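[1] what follows is a predicted structure for the sequence shown.
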Amino acid sequence: GGGGLIAGSALAIKSLYPSVKVIGVESERCAGFTESMKAGKVVPVPAQSTLADGLAVPTVGVNAFATAKNYIDQMVTVGEEFIALAILRLVEMEKAVVEGAGATGLAAVLAGLLPELKGKRVVIPLCGGNIDTTVLGRCIERGLAADGRLCRFVV
């Protein structure tokens, strides 16, 4: 949540392949890195409840931000329904259980937030399996609802 993964990854990637575009993704409900990138310095943000709970920190790490800020080309925020849908797609299609924070990259693609990547070779790290079974069940339900495959009838 403090930005260590993107800081280390971006530094390594850009050191080896400077032309590779590095895009960070986080939940709209706690966009600390995005806001810090806009401000050019670490800024606190309100931490709301999110499926990407591993990213929900009110303040990004100072060292991680200092390391990453010059290597990240773009930051994107994604809605909860697409995080749930990404978790669902990974379970259904890849038989992989990935926590919300690790599924945000796929969520951004599913949300259509990165159309410039269509037809290009893309790497999306799918990391973290630290998801409670109850939360996983809710994510699957929310993903099915977002996908139009789950309806609730009240009589």
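    The structure has been received and is ready for your questions.
[2] residues contacting the residue nearest the centre of the chain?
    The centre of the chain sits closest to Thr104, judged by C-alpha atoms, centre = their mean, with a distance of 2.4 Å. Contact analysis of Thr104 by C-beta atoms under 8 Å, 6 or more residues apart in numbering lists Val25, Glu26, Ser27, Ala52, Leu55, Val78, Ile83, Ala86. Backbone N, C-alpha and C define where each C-beta goes, glycine included.
[3] one more time with 6 Å
    Contacts of Thr104 were listed using C-beta atoms under 6 Å, 6 or more residues apart in numbering, and they are Val25, Ala52, Val78.
[4] Three-state assignment for it, please.
    Of the three states, Thr104 takes helix under DSSP: H, G, I helix; E, B strand; the rest coil.
[5] now it: closest residue in space, sequence neighbours ignored.
    Of all residues not flanking Thr104 in the chain, Val25 sits nearest, at 4.3 Å (C-beta to C-beta, 6 or more residues apart in numbering).
[6] look at the one you found and give its secondary structure.
    strand.
[7] need the contacts of Thr104 in JSON lines with neighbour count, can you?
    Below are those laid out as JSON lines (neighbours: other C-beta atoms under 10 Å):
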{"residue": "Val25", "neighbour count": "29"}
{"residue": "Ala52", "neighbour count": "26"}
{"residue": "Val78", "neighbour count": "26"}
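[8] which residue in those residues has the weakest pLDDT?
    pLDDT across the contacts of Thr104 is lowest for Ala52, at 93.
[9] in this structure that residue contacts Ala101, no?
    Yes: applying C-beta atoms under 6 Å as the test, Ala52 and Ala101 come out as touching, 4.4 Å apart.
[10] name the helices or strands packed onto the helix or strand of the chain with the lowest mean pLDDT?
    Lowest on mean pLDDT, DSSP states H and E among the helices and strands of the chain sits helix 133-146, with a mean of 90. Under the contact criterion of 3 or more C-beta pairs under 6 Å, 6 or more residues apart in numbering; DSSP states H and E, helix 133-146 touches helix 80-89.
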